[in-house]
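Student: Provide a 3D model corresponding to the input given below.
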Amino acid sequence: MVDREHIRLFISEYLALQIEKLPDDASLSSDLNLDSFKLIILHMALEEECGVEVEADENMSTVGEMIDSMLAAQTAKPQASLRIVPKASGT
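Tutor: You can find the predicted model right below:
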């Protein structure tokens, strides 16, 4: 499971930007100059990094909102569990 700063660092490296340029209130379009195509590509890369699937939201406009959506998807994702099934007895 990744945390908030891991996601921010991933975005920083992916976009080749200094992490200081990625506060929660940074606009994805005006501050980071992401057009809709670049935004979709970043979104898909984040899904892969976080191991989640998140419905693309056209209203998502800031770095913080993008991070929040990835974190929310992680907590909503059902965790795999091991179930032990007793061996059937021979009759």
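Student: Tell me where the model's unsure across this structure.
Tutor: For the chain, applying pLDDT under 70 flags the ranges 77-91.
Student: so the residue nearest the centre of the chain, which of the three states?
Tutor: Among the residues of the chain, residue 70 comes closest to the average C-alpha position under Cα atoms, centre = their mean, at 3.3 Å. With DSSP: H, G, I helix; E, B strand; the rest coil as the basis, residue 70 sits in helix.
Student: these two touch, right, it and residue 45?
Tutor: No: Residue 70 lies out of contact with residue 45 (Cβ atoms under 8 Å); the separation is 10.8 Å. Placement of C-beta: from N, CA and C, glycine included.
Student: still on that earlier bit, residues in contact with the residue nearest to the centre of the chain?
Tutor: Residue 70 is in contact with 2, 7, 46-47, 50, 52, 54, counting by Cβ atoms under 8 Å, 6 or more residues apart in numbering.
Student: ok, now with 10 Å
Tutor: Contacts here follow Cβ atoms under 10 Å, 6 or more residues apart in numbering; on that basis residue 70 touches 2, 4, 6-7, 10-11, 43, 46-47, 49-52, 54.
Student: tell me the contacts of residue 35?
Tutor: With Cβ under 10 Å, 6+ apart, residue 35 has these contacts: 28-29.
Student: what do you get for residue 23?
Tutor: With Cβ under 10 Å, 6+ apart, residue 23 has these contacts: 8, 31, 62-64.
Student: before we move on, the earlier item: shared neighbours of residue 70 and residue 45, which are they?
Tutor: 10-11.
Student: now the contacts of residue 23 in a markdown table, with neighbour count?
Tutor: Listed next are these as a markdown table, based on neighbours: other Cβ atoms under 10 Å:
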| residue | neighbour count |
| --- | --- |
| 8 | 18 |
| 31 | 15 |
| 62 | 18 |
| 63 | 22 |
| 64 | 16 |
